[in-house]
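Asker: Mind looking at a prediction? Sequence and model below.
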Amino acid sequence: MTSLLALAASGCVWSSEGPPPPRLVTQATVDTGPTLTVSPGTGAGVFVEYQAGGHWHVWWTCDTNLSGLPCTFHVDVIAQSGTIGNVAGDRLEANDSLVTPNPTEVTLDTSTSTGVDGVFFDTDPGAAINVLQVIGDAQDGTYFYWSQGGQILGGGDVDAADPMSFVGSSP
């Protein structure tokens, strides 16, 4: 429905001097209903969508067409209240990993290049989720994207953190 035409071209290989400092979790409201679209392979990002009734879709893409390299993603989703259910991988390949270490958490590790990887899951309607994402060895909130107030937010144009908390605009 909503199109993301361009993502910042940023390679998927980063180096760091050590672990990032701890950050406060920023909460964002995700519009209930809209879906996001992007051409896989053209930009690195983690996209968060919410449908009424507690139905979530978190998915990601890499900038392989620009960088020539795949991206490794580590994504943790934790329900702030209640449990996570009806977990289903989205376009995962054989070497990707999806585990549910407990009833409130889903963890994924993927290697993504010119495709899409992600997860569908349900929470209690109106429950917030925390999402932590690491691309390569970078943990950076500027790679989150979501629809809020009818606009696409993320990509560094808002004060996003990592981890980030998301809640649907209506249960």
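Answerer: Received it, and whenever you're ready, just let me know what you need. Numbers count the residues shown, from 1 in each chain.
Asker: element containing the most centrally placed residue in the chain, please.
Answerer: Per CA atoms, centre = their mean, the C-alpha nearest to the average position across the chain is that of residue 46, at 3.3 Å. Per DSSP states H and E: residue 46 is located in strand 45-51.
Asker: Give me the distance from that strand to the chain's centre.
Answerer: Put simply, strand 45-51 sits 6 Å off its chain's centre (CA atoms, centre = their mean, to the nearest Å).
Asker: going on from that strand, what's the next piece of helix or strand?
Answerer: Taking DSSP H and E, what comes next after strand 45-51 is strand 55-61.
Asker: mean confidence for that following strand?
Answerer: Rounded to a whole number, the mean pLDDT of strand 55-61 is 98.
Asker: those helices in this protein, which residues are they?
Answerer: Taking DSSP state H, the helices of the chain run over residues 64-67.
Asker: right, and residue 66 touches residue 42 too?
Answerer: Yes - contact criterion CB atoms under 8 Å: residue 66 and residue 42 qualify, at 6.8 Å. No exception for glycine: its C-beta is placed from N, CA and C like everyone else's.
Asker: what about these two, which has more around it?
Answerer: Each of residue 66 and residue 42 has its neighbours counted (other CB atoms under 10 Å); residue 42 has more, 19 against 16.
Asker: Now the more buried one: closest residue in space, sequence neighbours ignored.
Answerer: In space, and not counting its chain neighbours, residue 42 is closest to residue 65: 5.6 Å by CB to CB, 6 or more residues apart in numbering.
Asker: Number of residues surrounding that neighbour?
Answerer: Neighbours of residue 65 under the rule other CB under 10 Å: 14.
Asker: How about the contacts made by it?
Answerer: Counting by CB atoms under 8 Å, 6 or more residues apart in numbering, residue 65 touches 41-42, 114.
Asker: Rebuild these as JSON lines, extending it with distance to residue 31 and pLDDT.
Answerer: Output for the contacts of residue 65, formatted as JSON lines (distance: CB to CB, whole Å; pLDDT from 0 to 100):
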{"residue": "41", "distance to residue 31": "26", "pLDDT": "94"}
{"residue": "42", "distance to residue 31": "23", "pLDDT": "94"}
{"residue": "114", "distance to residue 31": "28", "pLDDT": "95"}
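Asker: now those residues in a markdown table, with distance to residue 90?
Answerer: Supplementary listing: the contacts of residue 65 in a markdown table, determined by distance: CB to CB, whole Å:
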| residue | distance to residue 90 |
| --- | --- |
| 41 | 16 |
| 42 | 18 |
| 114 | 15 |
